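>>> Sharing a sequence plus its predicted fold:
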Amino acid sequence: MKGFEAFDEVQRLIIVGAHPDDLETICGGTVSLLTQRGVTVFSVNCTLGDIGARDGSLSRPGLAVARLDETEEAARVLGIEHTYNLGYPDGELVASLELRAQIARLYRHTGADTLWTFDPFWAGQIHPDHRAAGQAALDGQTNQPNTASILAALYPDASDFYYFVARSDGHHIFSRSYREHLATIREIRTKSSRGER
Ligand SMILES: [Zn+2]
């Protein structure tokens, strides 16, 4: 499908939202198209979404239960593999170490290769819960070694990569020699000065 080339390599997608309805209203259609293409999608909601109902007769716990039911029903319709709710109260989310650790644990547990979340640095991101979810989701990615990295650390003799440098997208480039390493750094600096990755 035209416009979907960016997602060609996505196999396991995790989406970190703040509230039940974030995923569904912001990217539900895209998620449905991806699951139809065989992508495994996981949904994470940091808060219970337990405030903000038009029906004032619902208690906060009652509203939370309704939101959880709605999330499950939406997941069934969209073909989402599994939903997680981290149970924080709506409107009070902060990017705490605890939240970051909970999200990082889900990255490992799901084996996700791709993350979608809110951009916490976008100036228009005025909902504090959205900023906090995005910040914790981004921070939780740090130090998520892949299998090759873990094997290299366990069996250093089997690897001849001695140097690494971080790219602006969080990936690393490894080199066998210091000369190669310096050349990589120069290349990264040139690219970043042109605004490339
Ligand atoms: Zn929201």
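Noted; the coordinates are in hand.
>>> in the protein, which helix or strand is least confident?
helix 147-154 (a mean of 79; mean pLDDT, DSSP states H and E).
>>> May I see the buried residues of that helix?
Using 16 or more other Cβ atoms under 10 Å as the test for burial, helix 147-154 gives Ala152. Glycine gets a C-beta too; all of them are placed from N, C-alpha and C.
>>> packing partners for it?
Using 3 or more Cβ pairs under 8 Å, 6 or more residues apart in numbering; DSSP states H and E as the contact test, no helix or strand touches helix 147-154.
>>> Flag every residue of the protein that's near the ion.
Residues of the chain lying close to the ion (Cβ under 5 Å from the ion) are Ala18, His19, Asp22.
>>> helix, strand or coil for the residue most central in space within the chain?
Closest to where the C-alpha atoms of the chain average out (Cα atoms, centre = their mean) is Leu115, at 3.0 Å. Following DSSP: H, G, I helix; E, B strand; the rest coil, Leu115 is assigned to strand.
>>> isn't it right up against Ala136?
No: in this structure, Leu115 is not within contact of Ala136 by Cβ atoms under 8 Å, at 11.4 Å.
>>> Skip the chain neighbours and tell me the closest residue to the residue nearest to the centre of the chain.
Among residues not flanking Leu115 along the chain, Ile14 sits closest, at 5.6 Å (Cβ to Cβ, 6 or more residues apart in numbering).
>>> got a list of what that neighbour touches?
Val41, Phe42, Val44, Leu106, Tyr107, Thr110, Ala112, Thr114, Leu115, Trp116 (Cβ atoms under 8 Å, 6 or more residues apart in numbering).
>>> ok, and the third one, which helix or strand is that part of?
What it means is Val44. Here Val44, judged by DSSP states H and E, is contained in strand 40-47.
>>> Same check on the fourth one?
Leu106 belongs to helix 97-110 when assigned by DSSP H and E.
>>> That helix packs against which elements?
Using 3+ Cβ pairs under 8 Å, 6+ apart: helix 97-110 touches strand 12-17, strand 40-47, strand 82-88, helix 128-139.
>>> In that helix, which residues are buried?
Leu99, Arg100, Gln102, Ile103, Ala104, Leu106, Tyr107, Thr110.
>>> ok and it relative to helix 128-139, angle-wise?
Put simply, helix 97-110 runs at 60 degrees to helix 128-139, going by axes from the mean of the first three to the mean of the last three Cα atoms, to 10 degrees.
>>> Report the inter-axis angle for helix 97-110 versus strand 40-47.
Using the same axes, to 10 degrees: helix 97-110 against strand 40-47 is 160 degrees.
>>> Contacts for helix 97-110 next, please.
Residues from elsewhere that reach helix 97-110, judged by Cβ under 8 Å, 6+ apart: 12, 14, 16, 42, 44, 46, 82, 84, 86, 88, 93, 112, 115, 132, 136-137, 139-141, 144.
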